[in-house]
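Trainee: Mind folding the following:
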Amino acid sequence: MDNVNKQHGSVILGVLLAVTSILALAFGGLAIWAYMQYNTAKTDVDSQIKVAVIDAERRQSQKEEAKYAEREKEPNLEFSGPADYGRLTFKYPKTWNLYEATDVESRGGEYRAYLHPSKVPPVVADQQFALRVTIENKEYDKVVQQYDALVKKGDLRSSSTSSMGNTGTRLDGNFSKNIRGAAVIYKVRDKTATVRTDANETFKADFNKIIQTINFE
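Mentor: As a prediction, the model looks like this:
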């Protein structure tokens, strides 16, 4: 009987040892899996933090560069058109260059000037300029009417504008296939002046500042 009890006890002990071993292996595997999950999650979080830090540094750098670029534009220079054309004036960034087209008389008395950062590009069809100035011997209403078709088509949006007590017309949108910008048109004595930017995305902020300073005699 004692032998039977001993054998029975040995069997139970063996079963308990087997169960314990299985549980140990299971918990060990679970611990390894949990550690791997933790390590993966930690690596993912660390990567996200690293990406966030790099992105924050990039944005801060861009902000600093933008602030520096804006500071470089100061103090503004003053544009002054011909006295016999009403002496149109406005302030523009000192980092821009100015090119005045010559031979005014050969073009029917039309005055043209072009402004652009660093270097003014060649004056050719569809060339985009930060700012272009045109003063022509045409009636104000006729110059504005030249854009009526584009306004009716929806390519341009027309609104009123003012600067230094002078009122005029503002146009925003597509002037041509390659020119999307904004322009203001003013009656200057017996002539009409148009100040336009050809690239809204790049120079719109500058343009909006410039047209606030437009004045003429």
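
Trainee: Show the pLDDT at Val45.
Mentor: For Val45, the model assigns a pLDDT of 72.

Trainee: Could you look up the SS state of it?
Mentor: helix (DSSP: H, G, I helix; E, B strand; the rest coil).

Trainee: Tell me how far it lies from Tyr38.
Mentor: Distance from Val45 to Tyr38, counting by Cβ to Cβ, to the nearest Å: 10 Å. (Glycine included, C-beta is placed from N, CA and C.)

Trainee: Quick check: Thr102 is in a helix.
Mentor: No - if the criterion is three-state DSSP, then Thr102 is coil and not within a helix.

Trainee: check which helix or strand covers Val123.
Mentor: Here Val123 sits in a region with no helix or strand, counting by DSSP states H and E.

Trainee: Show me the shaky parts of the chain.
Mentor: Along the chain, segments meeting pLDDT under 70 span 1-19, 24, 46, 50-74, 103-108.

Trainee: any chance you could map the strands in it?
Mentor: 77-80, 89-92, 96-100, 111-117, 131-136, 156-163, 166-174, 180-188, 191-197 (DSSP state E).

Trainee: can you put the ones you listed in TSV and add distance to Ala34 and mean neighbour count?
Mentor: Formatted as TSV, these follow (distance: least, Cβ to Cβ, whole Å; neighbours: other Cβ atoms under 10 Å):
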stretch	distance to Ala34	mean neighbour count
strand 77-80	68	14
strand 89-92	65	19
strand 96-100	63	16
strand 111-117	59	20
strand 131-136	65	22
strand 156-163	62	14
strand 166-174	61	17
strand 180-188	58	22
strand 191-197	61	23
